[in-house]
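Generate coordinates for the sequence data below:
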Amino acid sequence: MNKSTNLILIGILVCLIIIAFRPIERQVMNTTVESHGYHVIYLGNDRAAVFDLDRDSGKYGEAAVYEITDSGLRLLYKDNIGEDLRN
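All right, here's what the predicted structure looks like:
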């Protein structure tokens, strides 16, 4: 191999190394949907939070986090944060 071919191959190798080790920017879809007093927030990684913010619903302040699976939703966390919202 001649000198110019080696230089080109080294340049290609350096470019491949830079591409392989560059930081990956993850785009997080932070979507909030409001419907009938409920707020649904997509948290990423197949998880969503649901908040009931309708003061007249009887379940005001109820918060739940669900995991979205192939078979449906799986409850991960549930609490009533109504007192925290009033303050």
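
tell me the contacts of I81?
51, 61-63 (Cβ atoms under 8 Å, 6 or more residues apart in numbering). C-beta: built from backbone N, CA, C; applies to glycine.

what's the first-to-last distance across stretch 61-77?
One end of stretch 61-77 to the other measures 14 Å (Cα to Cα, to the nearest Å).

where's it relative to the chain centroid, distance-wise?
Chain-centre distance of stretch 61-77: 14 Å, with Cα atoms, centre = their mean, to the nearest Å.

In that stretch, which residues are buried?
Residues of stretch 61-77 classed as buried by neighbour count (16 or more other Cβ atoms under 10 Å): 61-66.

try stretch 46-66
48-53, 60-66.

Pick out whichever of those residues sits closest to L76.
Closest to L76 out of the buried residues of stretch 46-66 is V65 (4.7 Å), distances taken as Cβ to Cβ.

The closest one and R22, how far apart?
From V65 across to R22, the span is 33 Å (Cβ to Cβ, to the nearest Å).

Please consider this matter closed, and thank you.
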